[in-house]
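Enquirer: Build me a model from this:
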Amino acid sequence: MDDIDPCPAPGRQRARSEMDGLIRRLDWSATPVGARADWSPALQQAVAQMLASPQPMFLWWGEALVQFYNDAYRELLGPALHPWLLGGSGRTDYHMLWGQVAPQIDAVMTEGRSIQQRDVRLSVCRFGQDEDAWWDVHHAPVADSTAPGTVGGMLVTYVDVTERHLEATAQRRAAANRQFLTALDQALHHGTDEAAMLDTVNRMLGEFLGANRVGFAEDRGDGSACSARQYICDNVRGTGRLVYRDFPADGYAALLAGQTVHRCDVRGDLTLSDTYRDAHRAIGIRAMINVPILRDGRLTALLYVHWRRARALRADEIALVETVARRGWIAVELARSQALLASRGEPRRRPTPVD
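Expert: Model (predicted):
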């Protein structure tokens, strides 16, 4: 059977793709696999299979793990890695990650076993930006035609399962949020002491979100809001008093309109005033969510959640804080009404479940 030339010489066939052309032009004689004319049929076939695949594929060949990859894989590499990886040695280029990849390589190259990994998180470069993606990865041995019974290389195929992973993650988070809200409702249902109820809401929400400070700040009618109770973790500083004039004008307007204000990194947001950023720096806060509570169209209170470090704020987290603000403040108002009835000598009413 004639050898398969995956990258025909000029005049025989035009390069079918970018990687086809790069592989054809590279001086392979300077690598351990030698000149293309000397490649074994097994290596030629593996390269041809890799180049023809629409899935990202990577080929390691020989003891030095000489590297090949196709166009789909090339699209995942940033400029720092492409075309530098092509023709290099995996043992050299992956030395910093060797502890992670060595078990798969040994299983395939030494034992001839196929390895399947699911939901592997790998950073990729898409549209010039690095982003996380999740993959099902299949490591398959390639027999060495020059030495029967031995493995010449390893083909690695990547199937993008990011959408599946994110959907499953979203479902798990939604279930966890529902469980949290159920537990919070149960904790508040028979509560009658306002301070204890505020402590419960703040503590449970802070622990669930890994926040460093959580509190309800009630409007004082003088341009400020005073925190009645706070949950504080890791010695975050704070006075317990928020001054609205320190808020950005659009942020304060949003609160007055009943809109949630959130920032992933207050200190790094140059659109904010120095005063606003300095105020958060003074209390050691970088990320925050402020949820306003309106009564009769007036800003009555707000629930704030603070983190010491900058962090991405997911939509489901923001929605959860908004729900907790609504339910928690209703519970506080119920406790106050019960206390008022008790002060008048009237019988307490059984609280209704909060919405």
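
Enquirer: all contacts plus neighbour counts: C-alpha atoms, from now on.
Expert: Fine.

Enquirer: Show me where the stretch 151-300 of the chain has its helices.
Expert: Across the stretch 151-300 of the chain, reading from the start of the chain, the helices by DSSP state H, counting those that start in this stretch fall at 162-189, 194-209, 249-256, 274-282.

Enquirer: Please name the spatially closest residue to residue 174 (chain neighbours excluded).
Expert: Excluding the flanking residues, the one nearest residue 174 by C-alpha to C-alpha, 6 or more residues apart in numbering is residue 316, at 7.6 Å.

Enquirer: What average pLDDT does stretch 125-132 get?
Expert: Averaged over stretch 125-132, pLDDT sits at 74.

Enquirer: hang on, the earlier thing: which stretch among the helices of the stretch 151-300 of the chain is buried most, on average?
Expert: Comparing those by mean neighbour count (mean count of other C-alpha atoms under 10 Å), helix 194-209 ranks first with a mean of 19.

Enquirer: Residue 304 contacts residue 218, correct?
Expert: No - no contact is recorded between residue 304 and residue 218 when judged using C-alpha atoms under 8 Å, the distance being 11.0 Å.

Enquirer: got the contact list for residue 309?
Expert: With contacts defined as C-alpha atoms under 8 Å, 6 or more residues apart in numbering, the neighbours of residue 309 are 265, 285-287.

Enquirer: next one: residue 204
Expert: The contact partners of residue 204, taken as C-alpha under 8 Å, 6+ apart, are residue 184.

Enquirer: Just the contacts of residue 309: which are in strands?
Expert: With strands identified by DSSP state E, the entries of the contacts of residue 309 that belong to them are residue 287.

Enquirer: Let's have the contacts of residue 309 in TSV, adding distance to residue 113 and neighbour count.
Expert: As requested, these are arranged in TSV below (distance: C-alpha to C-alpha, whole Å; neighbours: other C-alpha atoms under 10 Å):
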residue	distance to residue 113	neighbour count
265	47	20
285	51	25
286	49	21
287	47	23
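
Enquirer: what's the most distant pair in the contacts of residue 309?
Expert: Using C-alpha to C-alpha, the pair of those lying farthest apart is 265 and 285, separated by 8.6 Å.

Enquirer: Just give the nearest non-adjacent residue to residue 142, would you?
Expert: Leaving aside its chain neighbours, residue 142 sits nearest to residue 153 (5.1 Å; criterion: C-alpha to C-alpha, 6+ apart).

Enquirer: What does the pLDDT read for that neighbour?
Expert: The predicted local confidence for residue 153 comes out at a pLDDT of 91.

Enquirer: Touching, it and residue 107? I think so.
Expert: No - under the criterion of C-alpha under 8 Å, residue 153 makes no contact with residue 107, lying 11.8 Å away.

Enquirer: between those two, who's got more neighbours?
Expert: In this comparison of residue 153 against residue 107, neighbours counted by other C-alpha atoms under 10 Å, the higher total goes to residue 153 at 27 against 16.

Enquirer: Which residues are in contact with that one?
Expert: With contacts defined as C-alpha under 8 Å, 6+ apart, residue 153 is in contact with 59-62, 65, 109, 141-144.

Enquirer: can you give me the strands for the stretch 51-200 of the chain?
Expert: In the stretch 51-200 of the chain, the strands defined using DSSP state E, counting those that start in this stretch lie at 57-61, 66-69, 115-126, 129-143, 151-160.

Enquirer: Now distance to residue 343 too, for the ones you listed, in JSON lines please.
Expert: Output for the strands of the stretch 51-200 of the chain, formatted as JSON lines (distance: least, C-alpha to C-alpha, whole Å):
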{"stretch": "strand 57-61", "distance to residue 343": "75"}
{"stretch": "strand 66-69", "distance to residue 343": "78"}
{"stretch": "strand 115-126", "distance to residue 343": "59"}
{"stretch": "strand 129-143", "distance to residue 343": "58"}
{"stretch": "strand 151-160", "distance to residue 343": "64"}
